[in-house]
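Visitor: Okay, sequence plus prediction incoming.
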Amino acid sequence: MFKVGLSSCGKISLSDGKPSSEEIFASYAKSGIEYMELSSVYSFYKDLDYTAVAETAEKYGVKLWSLHLPFEADIDISNPTCAEETVQMHKAIIDKAASVGIKTFILHPSAEPIEDSDRPLRMALSKKNLTRLAEYAAERSAVIAVENLPRTCLGRNSSEMLELISADERLCVCFDTNHLLTEDSVKFIKTLKNKIITTHVSDYDFVNERHWMPGEGKLDWQGILAALKEVGYEGPWLYEINFEAPRTIVRERDLTCEDFAKNARELFDGKAPTVIGTPKENLGMW
């Protein structure tokens, strides 16, 4: 149905800026996962030899589809105290990554917490800086995909996402399936429509983001797939799930690339996915 992708989730280690192990790329290729999203912290991107990573990906036939721009607490385009530094940091990463063929950049429109009284000003600043980054990316034949976020973050529903991307017609959306805490996924998809160009796939319990494997939570996966098909989605089915179990779930072993490939096949075939983990009880928001 869709090409299968997977976030690197910090699994690429470096030696002198170059990939120190090719194991993750080989695992993608062996399991049939074709797309990779580079995702890590700022220090990783700062030291990264982008050419070496691109060459390793090409060696194994893995497409570097996207890069998740860093989102540590003090990296926030909506916060006046660090917005300008964040924009310049993002520009430097976009410049280097676009030069090796990465054309999709995932961006958080804010960090949190954000008080309701601060929301209008934070929204205005985020939109201003999204416009700047959209223009910068476009000059490099790339695009910014704004990610929907949970809780008090900006972009917590389709209405806020529409407002954010109204800042520039070149802005697109990364639909994170486990970030909607107050809105149905199908409604979100049908509202954003063809602005959705990529995904972050994971399951949750509707209480808080969990980043569980599909089948471990409560999402209606066939409804989500049908809605994406209806709006003409053409991007990858890209999982954003750590291989190691988070504190909120019990698994007997770490996940593998084969688990993700199998999960996608089952979902695409209309089957209930194999359940690997069991959520813990009484999780609360955190």
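Guide: Great, that's in hand. Given the structure is predicted, the values throughout are model-derived calculations rather than measurements. Numbering: from 1, shown residues only.
Visitor: Leaving out sequence neighbours, find the closest residue to residue 247.
Guide: Nearest residue to residue 247, sequence neighbours excluded (C-beta to C-beta, 6 or more residues apart in numbering): residue 280, at 7.7 Å. Using the backbone N, CA and C atoms, a C-beta is placed for each residue, glycine as well.
Visitor: Verify the stated contact: that neighbour with residue 245.
Guide: No: taking C-beta atoms under 8 Å as the contact criterion, residue 280 and residue 245 are not neighbours in contact, 10.0 Å apart.
Visitor: Pretty sure residue 183 sits against residue 158.
Guide: Yes: using C-beta under 8 Å, residue 183 and residue 158 qualify as a contacting pair, with a distance of 6.2 Å.
Visitor: Determine which residue lies closest to the centroid of this protein.
Guide: With the centre of the chain defined as its mean C-alpha position, the nearest residue by C-alpha atoms, centre = their mean is residue 200, 4.4 Å away.
Visitor: Tell me the bridge partners for that residue.
Guide: residue 176 (DSSP bridges).
Visitor: so what's it scoring on pLDDT?
Guide: Reading off the confidence values, residue 200 has pLDDT 98.
Visitor: give me every residue that touches residue 89.
Guide: The neighbours of residue 89, taking C-beta atoms under 8 Å, 6 or more residues apart in numbering as the test, are 42, 70, 75.
Visitor: out of the residues you listed, which is most surrounded?
Guide: For the contacts of residue 89, the largest number of neighbours (other C-beta atoms under 10 Å) sits with residue 70, at 21 neighbours.
Visitor: Residue 246 contacts residue 211, doesn't it?
Guide: Yes: the pair formed by residue 246 and residue 211 meets the contact definition of C-beta under 8 Å, at 6.4 Å.
Visitor: More neighbours: which of these two?
Guide: residue 211 (24 against 13).
Visitor: Now do the more buried one against residue 202, distance only.
Guide: For residue 211, the distance to residue 202 under the criterion C-beta to C-beta, to the nearest Å works out to 4 Å.
Visitor: Tally up the residues packed near residue 131, please.
Guide: Counted by other C-beta under 10 Å, the residues lying close to residue 131 total 15.
Visitor: doesn't it fall inside a strand?
Guide: No: secondary structure assignment places residue 131 outside any strand; it is helix (DSSP: H, G, I helix; E, B strand; the rest coil).
Visitor: Does it touch residue 168 like I think?
Guide: Yes: shown here, residue 131 and residue 168 form a contact pair, counting by C-beta under 8 Å, at 4.5 Å.
Visitor: Measure how buried the residue nearest to residue 247 is and give me the count.
Guide: Neighbours of residue 280 using other C-beta under 10 Å come to 11.
Visitor: just residue 12 next, same as before
Guide: Under the neighbour criterion other C-beta under 10 Å, residue 12 is assigned a count of 22.
Visitor: Helix or strand: which one has residue 173?
Guide: Here residue 173 is covered by strand 172-176, with elements defined by DSSP states H and E.
Visitor: And the average pLDDT for that strand is what?
Guide: Strand 172-176 shows a mean pLDDT of 99.
Visitor: Does anything pack onto that strand? Which helices or strands?
Guide: Helices and strands touching strand 172-176, by 3 or more C-beta pairs under 8 Å, 6 or more residues apart in numbering; DSSP states H and E, are strand 143-147, helix 158-165, helix 185-192, strand 196-200.
Visitor: Out of the ones you listed, flag the one nearest residue 35.
Guide: Closest of the helices and strands packed on strand 172-176 to residue 35 is strand 196-200, at 9.1 Å (criterion: C-beta to C-beta).
Visitor: how far off helix 185-192 does the closest one point, in degrees?
Guide: 150 degrees (axes from the mean of the first three to the mean of the last three C-alpha atoms, to 10 degrees).
Visitor: quick one: buried residues of whichever helix or strand comes after strand 196-200?
Guide: The element immediately downstream of strand 196-200 (helix or strand, assigned by DSSP H and E) is helix 221-230. Within helix 221-230, the residues that qualify as buried by neighbour count (16 or more other C-beta atoms under 10 Å) are 221, 224-225, 227-228.
Visitor: Which of those sits closest to residue 84?
Guide: Comparing the buried residues of helix 221-230 against residue 84 with C-beta to C-beta picks out residue 228 as the nearest, at 36.1 Å.
Visitor: and that closest one, what is it in contact with?
Guide: Taking C-beta under 8 Å, 6+ apart as the criterion, residue 228 is in contact with 2, 189, 196, 199.
Visitor: which two from those residues end up farthest apart in space?
Guide: Farthest-apart pair in the contacts of residue 228 is 2 and 189; separation 13.4 Å (C-beta to C-beta).
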